[in-house]
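# Starting from these lines, generate the structure:
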Amino acid sequence: MKKNIVNEEIMGLPCETQLPLKLNILPLGGRPIFPGIFTPLMINNQEDMKVIEEAMSGDGHIGITMLKEDKENPTIIDIHRVGTVARIIKKINLPDGGINVFVSTLQRFKVRKVLKKENPIVATVEYLQDEEDNTFEVKALTRALVSEMKEISENNPMFSEEMRLNMVNIDQPGKIADFVVSILNIDKNDQQKVLETVNVRQRLEQVLVFIKKEQEIFRVQKKIQSELNEKVEKNQREYFLREEMKSIQEELGISKNSKTCDYEKYKEKLDSFNLSEEAKETLYDELDKFQLMDVHDPEYNMTRNYLDTATSLPWNDDAVENFNLSRAQSVLEKEHYGLDDVKKRILEYLSVRILKHDEKGSVIILVGPPGVGKTSVGKSIANSMNRKFYRFSVGGEHDEGKIKGFRRTYVGAMPGQIIEGLKITKSKSPVFMIDEVDKMNASSQGDPSAALLEVLDPEQNSSFRDTYLNVPFDLSNVLFILTANTLDTIPQPLLDRAEIIELSGYIDQEKIEIARKYLLPRILEKNGLKKNQVKFTKNAYALIATEYAREAGVRNYEKCMDKIARKIVMEQVEAFEKKGSKISQAKIQQKTFSVDVPEVRKYLGKAVFDESQIKTASVPGTAIGLAWTSMGGDTLLLESISFETEHAGLQLTGQMGDVMRESAQIAMNWVKQYAIAKGIKDCAWFEKNSIHLHIPEGATPKDGPSAGITMATTFLSLLMGKKIKPNLAMTGELSLTGQVLPIGGLREKTVAAKRNKIKTILIPKANLRDLDEIPEHVKKGIKFIPVSHVNEVIENVF
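Numbers count the residues shown, from 1 in each chain. The predicted model follows:
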């Protein structure tokens, strides 16, 4: 057998070794082993042990190759073809049955021919010599490699002093590259590629790339380590400072920290509460969890806020009723003018509560147009009952979390307005006013109106469960007052749980009294003026009501008076500045001011409503109807004309809804048959002429059936060429047979008619019962004519 002779240095002793061309192959599952290295091998596999025994029985040489993938009984196809020949120096038997073999690796080889494919694998090999170029490039690469490796070894404690000395003592570039790549922490496949590279320059280049990557990883590692050290040092510093603070507090006698104080405060409160079993178990569990938490725990503040909320609720309030009827009546009379029927309904309601002492089902809905005093009535109810008052609005809300709170899993979670109100009032029996319940909207986040059902239902609210608090709380002692502009958009189940009290609009006389008794003192105080410093004449009050604030409520009326007061104050301030005097509130308050019609026109400018805007049916084909909207009652002027056309029929304009369009068609058909029967017009006229019906203020949507008799009157007036009587209005639904059917909102319609100087109102006979609910001062000066058939309407309008 041919032998290959190499010069070997083992343990510093030079010798010559003949390398065999046939080798027993030892597959290794770890990383490849490079030439020129003395290393131990731990062997436990019986087949591998046979390879060692067979090699030691011969010349002691084995071929070491790396497995492509770890495998228990590998064959020739599972190993790389390039490996390292090694000479076995020593073998040590281990107690577990394995062996520890020390080998000295000598040179690269490549498998040429396989003699035995399965373990133990035997093959003939070809030894690979380094292809060295003694060029300046190889020398430069070698120096760069040594320099870069020194930098890594100096900064990395994993490199021993022996490794550094070995690297310095190696003088061959190829061996330097082999040594360096063997100690780098790189992928084993990358190391195998270096092992298979015989060109020294290419090998040096590959190793330099790996060193650069290792340096980059080391820099990132060092940065991370530095940041961690800073955090650890900061925590240690804070720990020592806290310990030092504890010592100082103990010296001063302040032995409790804030967390301990909070814990004791919460426990003391919970011990004093009369809690249900479920609430007690839940809250004490939270308290125990709070005690075990570190103050730096992310959940610490969440739990603290939860306990703050829970311990701020009035768990022990007995909610004893403390009011009498006479006091309640005096409070209502003092704070509100008129509204006699509303006050009567409220006093009836309170009387039952005094007698029965049953607070379940305490829900009131105040319905009326804006500015009529719904919110102030709610406050007065709270004052008359000596209760705390809390108000919030649900107008435009589309999330039930506003009512029932948000889950604590969300960041920034908080309780709903119900629990928040109890927390603020610190009373178990407050008066809650929930505004704008007719303007809630359902969405993907829930339906607020459905959440309100649980709050208002007397069978459920005794154990109301807020989503944030998640323990039952008794709401049966709370008096709920809801406000709305209309009942149409409120769910029926919500209405079923409530006592409905309607507040209609005010007539001019009522507005004047409200302005004199309530609005003027408030406005003078708001603008820095004394009581009685500004006096309005009756004509001034009346002018504001008729020409500047003709709506159902008094909100715009108050704005007009506020504007006048501001103008007066501005004139006085300007007068002081012109004189160069110092502005003095006391001097201004010494003066008195009278506001009459000229001053009103001066300060408020051009009238918003004038006499030309009062609706009158002054020409044939017009009539005045009465309507009810969420803003209160209103008058409608209906206009009609006829003209010849090829396409006869009825045209409707003025943003009429579907119901109103149907009413117009019914009225047209009834009038058509009536006109033909009475000889007013013949069929040929209707075939050649089209009638156009319009309701002015076309930008405002209108709907409802109550304009039926008004439309019929308008058409008949047009066909007969007759005007209707002056200052006359009407309301009533019309059927195809001419019957006049009842309508709703008669009170609001009457108030609107009063504001528009209507003297006669035609109403359905079935609505006579509603007249008793209209105050006498509103009905005064108005003649009501009940009608049951449209023929009666015709007899009274022309």
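# would you list every one of the strands in the stretch 551-700 of the chain?
For the stretch 551-700 of the chain, applying DSSP state E, counting those that start in this stretch gives strands covering 593-595, 622-629, 632-644, 649-653, 689-694.
# before we move on, what about the stretch 301-450 of the chain?
Using DSSP E, counting those that start in this stretch, strands in the stretch 301-450 of the chain cover 363-367, 389-393, 431-435.
# just to revisit the earlier point, which one of the strands of the stretch 551-700 of the chain is the most hemmed in?
For the strands of the stretch 551-700 of the chain, the largest average neighbour count (mean count of other CB atoms under 10 Å) is found in strand 622-629, namely a mean of 24. Just so you know, the C-beta spots here come from the backbone N, C-alpha and C atoms, and that holds for glycine as well.
# That one to strand 632-644, inter-axis angle?
140 degrees (axes from the mean of the first three to the mean of the last three CA atoms, to 10 degrees).
# So which elements touch the biggest helix by length in the chain?
Longest helix of the chain, by residue count under DSSP state H: helix 200-252. When contacts are defined as 3 or more CB pairs under 8 Å, 6 or more residues apart in numbering; DSSP states H and E, helix 200-252 packs onto helix 136-155, helix 173-183, helix 188-196.
# what comes up buried for the helix or strand that it is followed by?
Sequence-wise, the next helix or strand downstream of helix 200-252 (DSSP states H and E) is helix 258-272. Buried residues in helix 258-272, counted by 16 or more other CB atoms under 10 Å: D262, Y263, Y266, K267, K269, L270.
# Surely the last one and N316 touch.
Translated: L270. No: L270 is beyond contact range of N316, at 11.4 Å (criterion: CB atoms under 8 Å).
# ok, residues contacting stretch 109-120?
Outside stretch 109-120, the residues within contact range by CB atoms under 8 Å, 6 or more residues apart in numbering are 22-25, 27, 47-48, 50-51, 54, 63, 65, 73-77, 81-85, 121-128.
# To clarify, my last question referred to stretch 367-379.
Contacts for stretch 367-379 (CB under 8 Å, 6+ apart): 335-336, 339, 342, 346, 366, 389, 391, 431, 433, 435, 481, 483-487, 500-506, 551-556, 629-632, 748.
# and those, which are buried?
Applying 16+ other CB under 10 Å to the contacts of stretch 367-379, the neighbour count classes 336, 339, 342, 346, 366, 389, 391, 431, 433, 435, 481, 483-485, 487, 501-506, 551-554, 556, 629-632, 748 as buried.
# quick revisit: deepest of the helices and strands packed on helix 200-252, which one?
Comparing those by mean neighbour count (mean count of other CB under 10 Å), helix 173-183 comes out on top with a mean of 23.
# G721: neighbouring residues, count only.
10 (other CB atoms under 10 Å).
# Quick check: the spatially closest residue to it that is not a sequence neighbour vs V790, distance?
Excluding the flanking residues, the one nearest G721 by CB to CB, 6 or more residues apart in numbering is P620, at 5.0 Å. Per CB to CB, to the nearest Å, P620 is found 18 Å from V790.
# ok, now K765?
Counting by CB to CB, the gap between K765 and V790 amounts to 12 Å.
# Which of these two has more residues huddled nearby?
Each of K765 and V790 has its neighbours counted (other CB under 10 Å); V790 has more, 24 against 15.
# low-confidence ranges in this protein?
Under the criterion pLDDT under 70, the flagged ranges of the chain are 1-17, 134, 152-171, 249-250, 252-257, 317-322, 357-361, 610-614, 629-632, 698-700.
# what's the longest strand in it?
strand 99-116 (DSSP state E).
# Paired strands for that one, with orientation please.
strand 38-43 (antiparallel), strand 82-93 (antiparallel), strand 121-128 (antiparallel) (DSSP bridges).
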